[in-house]
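**Q** Requesting a structural model of the entry that follows:
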Amino acid sequence: MKSFGLILTVLLAVSCNGTAGTDMPEWRWQDKEKPAFVEPHPAIVALGWSNVTDGYSTLPEGVDIYRSPETIGGNKVIAYIAVADLSKVAWDVRSIDDPTIQGTSDPLKTPAQYYQETAAPVIVNGGYFFVDGGKRYNASVAVSGGRTYGVNLNYSSKDWVTVYYPTRGVFYEKDGACATGWTYWSGGAKHYLYDVPAANSWSKDPLQVPDANFPAKAADFAPQTAIGGGPVLLKGGQVKNTWEAEMFYGDGADDKMPEARHPRTAVGATRDGLLILFVCEGRGMTDGVAGMTFAEEAAVLQSLGCVDALNLDGGGSSCLLVEGKETIKVSDGSQRAVGSVILLKKR
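**A** Numbers count the residues shown, from 1 in each chain. Predicted coordinates for the structure are as follows:
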């Protein structure tokens, strides 16, 4: 054993000095090669979407970025999705703090400002908001870590004589599962969640105020994470597109909004535990790219495998950042300061 050890020591010393490297025995072990790339979501690629994840350097495992084909349904499109494996990546919400629609002095922030604060690898704009009398208001649900930062508006009117009480869309996670639904905040401690919306319409008299048993038996709304918006696009694998029941638009030009093409933002979930953040460009920021209708947006998300999906604030608010970089051209020409965002982070 001593002789073998001495010989090995000499061989190593000679080899390291470079004087007898050619005398070393042939290396008989196969070098470890870098594994070949395996497309994580081939069904998405089969639809014509391109995996552009390699264009980014710090995305966590379980996040992939895709760019849309040049046309969808015969229309010129520029859209991006972030696909997140929720077994490896978590989603969260950042928002102004306005849990009872009383307004706040918290500033609205652009997605870029949220990125500067969080360094989140993916950020997309969230729910609706408004500004009045020097205060900022959430008009959509925002929940992070079980704490409520915003609720969906619980009233709607065109003339402030006839008042409606719509249930509006929400996308939420509870006990590890994501889904869409409709909520109503009573103005007090009660926050209701429904599997169907109240079937309000501007062409009809207002329905009763939602409660524990109307428009259906309610569950207490107590999610870990949630974002509001509307309309609900998909629920249980079925297209819903409940913009009329959620009462976003009244008479005149606004009632054509659902059928018009605009920049859109949405969030969706698949049966196999994927979260999809969607954004599409519009309003001619790129020649010939108008955007999508709600129905077109719902169809795209359904084709991508989403069974539940919610439209979020769109138009000039639509913005998806990956590693702090814009994906689409925002239609305001620069990023709009918004009330809330969705972000992805490592688990």
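
**Q** When you work out contacts or count neighbours from here on, use the C-alpha atoms and nothing else.
**A** OK.

**Q** What average pLDDT does stretch 260-276 get?
**A** On average, the pLDDT along stretch 260-276 is 97.

**Q** And stretch 337-347, by the same measure?
**A** Rounded to a whole number, the mean pLDDT of stretch 337-347 is 96.

**Q** pull the helix or strand with minimum mean pLDDT from this structure.
**A** Using mean pLDDT, DSSP states H and E, helix 2-17 stands out as the lowest-scoring helix or strand of the chain, at a mean of 40.

**Q** Quick check: what element follows that helix along the chain?
**A** Next in sequence after helix 2-17, counting helices and strands by DSSP states H and E, comes helix 42-46.

**Q** hmm, who's touching that next one?
**A** Asn51, Leu304 (CA atoms under 8 Å, 6 or more residues apart in numbering).

**Q** and if you look at stretch 231-239?
**A** 168-170, 179-182, 240-243, 246, 294-295, 297-299, 302, 306-312.

**Q** Now, the residues you listed that are in helices?
**A** Trp243, Glu246, Phe294, Ala295, Glu297, Ala298, Ala299, Gln302 (DSSP state H).

**Q** Dump these to TSV, plus pLDDT and distance to Ser144.
**A** As requested, those are exported to TSV (pLDDT from 0 to 100; distance: CA to CA, whole Å):
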residue	pLDDT	distance to Ser144
Trp243	93	25
Glu246	96	24
Phe294	95	27
Ala295	95	29
Glu297	98	26
Ala298	98	26
Ala299	98	29
Gln302	98	26
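
**Q** From the residues you listed, pick the one nearest Pro197.
**A** Glu246 (7.4 Å; CA to CA).

**Q** which ones are touching Pro223?
**A** Val143, Gly146, Tyr172, Glu173, Lys174.

**Q** my guess is the last one contacts Thr225, does it?
**A** Right, Lys174. Yes - between Lys174 and Thr225 a contact is recorded at 7.2 Å, counting by CA atoms under 8 Å.

**Q** Pick out whichever of these two has more residues nearby.
**A** Thr225 (24 against 14; other CA atoms under 10 Å).

**Q** sorry, back to before: need the buried ones from the contacts of Pro223 selected in ChimeraX.
**A** In ChimeraX, this line selects whichever of the contacts of Pro223 come out buried by 16 or more other CA atoms under 10 Å:
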select :143,172,173
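
**Q** Longest strand in this protein, please.
**A** Using DSSP state E, we find that the single longest strand of the chain is strand 177-185.

**Q** contacting residues for Met247?
**A** Residues in contact with Met247 (CA under 8 Å, 6+ apart) are Ser156, Pro166, Asn200, Ser201, Trp202.

**Q** which residue sits closest to the third one, ignoring its sequence neighbours?
**A** What that stands for is Asn200. Nearest residue to Asn200 in three dimensions, chain neighbours excluded: Ala245, at 4.6 Å (CA to CA, 6 or more residues apart in numbering).

**Q** Report the separation between that neighbour and Val131.
**A** Using CA to CA, to the nearest Å, we find Ala245 at a distance of 24 Å from Val131.

**Q** Tell me how many other residues crowd Lys190.
**A** By other CA under 10 Å, neighbour count at Lys190 equals 13.

**Q** Check it and give its pLDDT.
**A** For Lys190, the predicted pLDDT is 94.

**Q** Quickly note the distance from it to Ala212.
**A** 9 Å.

**Q** Over to Ala139?
**A** Applying CA to CA, the value for Ala139 to Ala212 is 22 Å.

**Q** next one: Asn152
**A** Separation of Asn152 from Ala212 (CA to CA) stands at 17 Å.

**Q** Who has more neighbours out of the two?
**A** Asn152 (30 against 16).

**Q** quick one on the thing from earlier: more neighbours: Ala245 and Val131, which one.
**A** Ala245 (19 against 13).

**Q** Return the residues in contact with that one.
**A** Counting by CA under 8 Å, 6+ apart, Ala245 has contacts Pro166, Thr167, Pro197, Ala198, Ala199, Asn200, Ser201.

**Q** Most neighbours among the contacts of Met247, which one?
**A** That'd be Pro166 among these, by other CA under 10 Å, with 29 neighbours.

**Q** what's the pLDDT at that residue?
**A** Looking at Pro166, the pLDDT reads 97.

**Q** any idea what sits nearest it, other than its immediate chain neighbours?
**A** In space, and not counting its chain neighbours, Pro166 is closest to Glu246: 5.5 Å by CA to CA, 6+ apart.

**Q** burial of the one you found, as a residue count?
**A** Neighbour number of Glu246 under other CA under 10 Å is 24.

**Q** if I read this right, it contacts Tyr164, doesn't it?
**A** No - with contact defined as CA under 8 Å, Glu246 does not reach Tyr164; the gap is 10.0 Å.

**Q** Now the common contact residues for the two.
**A** Joint contacts of Glu246 and Tyr164 (CA under 8 Å, 6+ apart) are Asn200.

**Q** list the buried ones in stretch 259-267?
**A** Arg261, His262, Pro263, Arg264, Thr265, Ala266, Val267.

**Q** Actually, stretch 219-230.
**A** Applying a neighbour-count criterion of 16+ other CA under 10 Å, the buried positions in stretch 219-230 are Phe221, Ala222, Pro223, Gln224, Thr225, Ala226, Ile227, Gly228, Gly229, Gly230.
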